[in-house]
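> my questions concern the predicted model and sequence given below.
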Amino acid sequence: NDILGAAEAPLTVIQFLDYQSPHSKRAQPVLSQILDDYGPLVRLVARDNPLSFHRNARQAALAAECARVAAVFWPYHDRLLQGQDRLDTAGLAGSAAALGLEEASFAACLNDAATLGALKEDLAAAARLGAHVPPLQVGHLARAAALRAGADGELGQADGPLAFERQQRAPGPGERAVEE
């Protein structure tokens, strides 16, 4: 599953990420802190948006989809982001093997039409939202303050613990978007 947090959380943060992007990597500790700070009030949904100029990002996104199908998405996701220098075919297969995925099944999944279809859905959603660059970046206080105010407002908290920057947030069914 590519969702962390409570299914009934009133606030959903959807991260469109590129496994080769340093911005996506730097966002992970911040997102973990948000999940810790807000507990059942927030959930994180991971979606893929591999950038064309990152040579291995598209294949890494397909591999992450295969890990989702195999129910090891989050450990695989973490391995990809921590090992951004190992996103070639051998590195992706090695990460899959380390998590117990069978080599032939994993290789078949990478070439499966359903896997490509899932990636195309994420890319279409990213395009609809204008997510043309890695959507989460850490360190710009003006944007962090804007998202914090938006998230805390959504959650009815005047001074909540959320403190990270966000470029995009796609609403889930029945939810309102948090805009900067």
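Thanks, I have the structure now. Residues are numbered from 1 along each chain as shown.
> which stretches of this protein form strands?
Under the criterion DSSP state E, the chain carries strands at the ranges 3-5, 11-17, 42-48.
> what about the residue minimising distance to the centre of the chain, distance to E102?
By C-alpha atoms, centre = their mean, the chain has its centre lying nearest to A46, at 3.0 Å. A46 sits 23 Å away from E102, going by C-beta to C-beta, to the nearest Å. Where you see a C-beta, it was placed from the backbone N, CA and C, and this is true even at glycine.
> got it, and A118?
From A118 over to E102 (counting by C-beta to C-beta), the distance is 20 Å.
> out of those two, which sits in the busier spot?
Between A118 and E102, counted using other C-beta atoms under 10 Å, the more crowded position is A118 (21 against 11).
> give me the nearest residue to the more buried one, chain neighbours excluded.
What sits nearest to A118 in space, not counting adjacent residues and going by C-beta to C-beta, 6 or more residues apart in numbering, is E65, at 4.9 Å.
> residues contacting that neighbour?
Residues near E65 by C-beta atoms under 8 Å, 6 or more residues apart in numbering: D48, C109, T115, A118, L119.
> what about the protein, any weak spots by pLDDT?
Applying pLDDT under 70 to the chain picks out residues 1, 133-180.
> can you give me the helices in it?
Assigned by DSSP state H, the helices in the chain fall at 22-38, 57-69, 73-82, 89-98, 103-110, 113-129, 141-155.
> circling back: measure how buried the spatially closest residue to the residue nearest to the centre of the chain that is not a sequence neighbour is and give me the count.
Leaving aside its chain neighbours, A46 sits nearest to D2 (4.6 Å; criterion: C-beta to C-beta, 6+ apart). Other residues near D2 come to 18 when the count uses other C-beta under 10 Å.
> do I have it right that D2 meets Y76?
No - in terms of C-beta atoms under 8 Å, D2 does not count as a neighbour of Y76; the distance is 10.4 Å.
> count the neighbours of S52 for me.
Number of residues near S52 (other C-beta under 10 Å) recorded here: 8.
> pretty sure A107 sits against A90.
No - applying C-beta under 8 Å, one finds A107 not in contact with A90, separated by 11.8 Å.
> quick one: the nearest residue to C109 once chain neighbours are set aside from L51, how far?
For C109, ignoring the flanking residues on the chain, the nearest one in space by C-beta to C-beta, 6+ apart is C66 at 3.8 Å. Per C-beta to C-beta, C66 is found 20 Å from L51.
> between the two, which has more neighbouring residues?
Shown here are C66 and L51; by other C-beta under 10 Å, C66 has more neighbours (24 against 14).
> which ones are touching the more buried one?
Contacts for C66 (C-beta under 8 Å, 6+ apart) come out as A96, L101, F106, C109, L110, T115.
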